[in-house]
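K.L.:
kindly return the folded structure for what I paste below:
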Amino acid sequence: MKKLVYIVFLIGCFTYAQDDADVKEKEKALNTSKNLTWEANKELSENNFSQAEANYRKAISKSSENAVAPYNLGSAYYNKETYSEAFGRFKQAGELASSKADKHKAYHNMGNVFMKNKEYEKAVEAYKEALRNNPSDEETRYNFALAKELLKKQQDEQKKNDQNKDDKKDNKEDQKDKNEDKEKNEGDGDDKKDDQGKDKDKKDGEDKKDKGDEGDKENKDDKDGKGDYKKDQKKPNDKGDKKPQDQQQQPRPNQLSKQQVKNLLKAMENEEKKVQEKMDAQKVKGAKVKNEKDW
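P.N.:
Numbers count the residues shown, from 1 in each chain. Presented below is the predicted three-dimensional model:
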């Protein structure tokens, strides 16, 4: 029993000693990190940025409890306008910080990086987190109000730009519709013209056909003797020659010539003479003979 108690005691002592050694090792690493940070600060003040950056990095690697080293390195990057690197170091400092004061400074500077990048919505959130750790800091309060104002202006401009884009899109679509309607109307007009042309061609064809039928009819009339009058009515020739006066005029259709009239008159006279002779013969035959008595 005594032996068991002794073993437990030894284990406890060993564990305490180990923990004590770890604590001492961490303290030693932290001190080394702080010394490197101090040297980096000095070199940075002497404008030896490269050496200062190297010592800051060493200090950060030596101890994870030193929040000052990443914060100061972030500030160095910020002053060099390397904002993406600066944000990473400020974020690291905020995560390592154990006090509200250190957290406040880290988030405040993260807000400043967002302001430089015109990421006002993120800046508002960063300043808000900084004020949670130090509500009385006037500089943070001012930056927070400014970030909200700039965010509102940015959102209004974005909304206006989106509206302009929508208007341009609508106008473009309207113009497209107008062009399509115009092309459609022009196409309908062309079709209408084509239809009119076809109707005209059809009408011309029918007129030609009618004229052709009339020509055929005239030719037929000529063959039947009905077109003599048209043949006789010849136009003067192009040279303007006059018709001889002694040329016998051709009779018109349904009109008797002089010779035919003479023949007809003669026939009528002969007929009338025959009728008269017949009547005279009847008078001779029908005359009563007076018988005289001898008294």
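
K.L.:
mind checking how far Ser33 is from Glu149?
P.N.:
40 Å (C-beta to C-beta, to the nearest Å). In short, each C-beta sits where N, CA and C put it, glycine included.

K.L.:
who has more neighbours, the two?
P.N.:
Higher neighbour count among Ser33 and Glu149: Ser33, with 22 against 11, using other C-beta atoms under 10 Å.

K.L.:
and the nearest residue to Gly74 once chain neighbours are set aside, which helix or strand is it part of?
P.N.:
Leaving aside its chain neighbours, Gly74 sits nearest to Arg89 (3.2 Å; criterion: C-beta to C-beta, 6 or more residues apart in numbering). Under the criterion of DSSP states H and E, Arg89 resides in helix 83-96.

K.L.:
do the same with Lys24
P.N.:
helix 2-45.

K.L.:
repeat that for Lys148.
P.N.:
Counting by DSSP H and E, Lys148 is found in helix 138-224.

K.L.:
packing partners for the helix holding Arg89?
P.N.:
Other helices and strands packing on helix 83-96, by 3 or more C-beta pairs under 8 Å, 6 or more residues apart in numbering; DSSP states H and E, are helix 68-79, helix 100-116.

K.L.:
let me see the mean pLDDT of it.
P.N.:
Across helix 83-96, pLDDT averages out at 96.

K.L.:
quick check: angle from it to helix 68-79?
P.N.:
Using axes from the mean of the first three to the mean of the last three C-alpha atoms, to 10 degrees, the inter-axis angle of helix 83-96 relative to helix 68-79 is 160 degrees.

K.L.:
residues making contact with helix 83-96?
P.N.:
60, 64-68, 70-71, 73-75, 77-78, 102-103, 105-107, 109-110, 113-114, 116-117 (C-beta atoms under 8 Å, 6 or more residues apart in numbering).

K.L.:
drop anything exposed from these.
P.N.:
Neighbour-count burial (16 or more other C-beta atoms under 10 Å) is assigned, among those, to 60, 66-68, 70-71, 73-75, 77-78, 102-103, 105-107, 109-110, 113-114.

K.L.:
and Ser99, its phi and psi?
P.N.:
Per-residue torsions, Ser99: phi -110, psi 160 (degrees, to the nearest 10).

K.L.:
do you know the pLDDT at it?
P.N.:
On the pLDDT scale, Ser99 gets 94.

K.L.:
now do the one 4 residues further on
P.N.:
Model confidence at Lys103, expressed as pLDDT, equals 96.

K.L.:
and for Asn164?
P.N.:
At Asn164, the pLDDT recorded in the model is 84.

K.L.:
that one and Asp174, how far apart?
P.N.:
From Asn164 across to Asp174, the span is 15 Å (C-beta to C-beta).

K.L.:
same deal with His104?
P.N.:
55 Å.

K.L.:
pick out whichever of those two has more residues nearby.
P.N.:
Relative neighbour count places His104 above the other of His104 and Asp174, with 21 against 10, counting by other C-beta under 10 Å.

K.L.:
the more buried one against Ser136, yeah?
P.N.:
No. With contacts counted by C-beta atoms under 8 Å, His104 stays clear of Ser136, the gap being 10.0 Å.

K.L.:
output the lowest mean pLDDT helix or strand found in this protein.
P.N.:
helix 228-232 (a mean of 42; mean pLDDT, DSSP states H and E).

K.L.:
after that helix, which helix or strand is next? Please name it.
P.N.:
Using DSSP H and E, the first helix or strand after helix 228-232 is helix 258-286.

K.L.:
give me the helices and strands touching that next one, please.
P.N.:
So helix 258-286, by 3+ C-beta pairs under 8 Å, 6+ apart, packs with no helix or strand.

K.L.:
what's the neighbour count on the residue nearest to Gly74?
P.N.:
Using other C-beta under 10 Å, Arg89 is surrounded by 26 other residues.

K.L.:
just the one 10 residues further on next, same as before
P.N.:
Each residue near Ser99 was counted by other C-beta under 10 Å, and the total is 10.

K.L.:
grab the nearest non-local neighbour of Ser64.
P.N.:
Leu96 (6.5 Å).

K.L.:
and for Lys128?
P.N.:
With sequence-adjacent residues excluded and distances taken as C-beta to C-beta, 6+ apart, Lys128 is closest to Phe144, at 6.6 Å.
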